[in-house]
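Participant: Can you look at this prediction? I've put the sequence above it.
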Amino acid sequence: MAGKIVAVCTSEIKGVRKDNVQRAYLQVGSGLVGDAHAGPWHRQVSLLAVESITRMREKGLEVGPGDFAENLTTEGIELHSLPVGTRLRIGPEVQGEVSQIGKKCHVGCAVFKQVGDCIMPREGIFMKVLKSGYVQVGDAIEVLPDV
């Protein structure tokens, strides 16, 4: 199963829409360098499929990549169907492991207030970085076989 990266997004503060910076470094033990969500925890990098964003657009919301505070927007993989522990390769260098599917949206979430709904709690996933490297728009993302 393979797809591609359509946006690489960061923000300096938590709970807001992120900007597509096109390319960024993912660091083992931290996540996306320069992003407010980076740190030594299990939700280092957030991913959301553009197909999920498209469904929200079909409901009339004017949203796009980064609007749900995801770090990586993907295309071609049904992310929320991947079990925790699934390993991913992104581009030629980065490897990660799915650490959580969805999340509880905190009260007063700026994203929810701005767009009227947040799909991250239902269809977003999170991963820990296992192998550092750069990721950029257009890179392949693939599910690695079980080890």
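Facilitator: Received it, and whenever you're ready, just let me know what you need. Residues are numbered from 1 along each chain as shown.

Participant: helices or strands up against the top helix by length along the chain?
Facilitator: Determined from DSSP state H, the single longest helix within the chain is helix 50-58. The helices and strands touching helix 50-58, judged by 3 or more C-beta pairs under 8 Å, 6 or more residues apart in numbering; DSSP states H and E, are strand 72-75. Quick note: C-beta positions are derived from backbone N, CA and C, even for glycine.

Participant: ok, residues contacting the strand it packs on?
Facilitator: With contact meaning C-beta atoms under 8 Å, 6 or more residues apart in numbering, strand 72-75 is reached by 3-9, 20, 45-51, 53, 65-66, 90, 135, 141.

Participant: Generate a PyMOL selection restricted to the buried subset of those residues.
Facilitator: Buried subset of the contacts of strand 72-75, written as a PyMOL selection, criterion 16 or more other C-beta atoms under 10 Å:
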select buried, resi 3+4+5+6+7+8+9+45+46+47+48+49+50+53+65+66+90+135+141
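
Participant: shaky segments in this structure?
Facilitator: 104-117, 147 (pLDDT under 70).

Participant: how close does the most centrally placed residue in it sit to residue 140?
Facilitator: Per C-alpha atoms, centre = their mean, the C-alpha nearest to the average position across the chain is that of residue 47, at 1.6 Å. Noted for residue 47: a distance of 14 Å to residue 140, by C-beta to C-beta, to the nearest Å.

Participant: And for residue 8?
Facilitator: 14 Å.

Participant: I appreciate the help and will end here.
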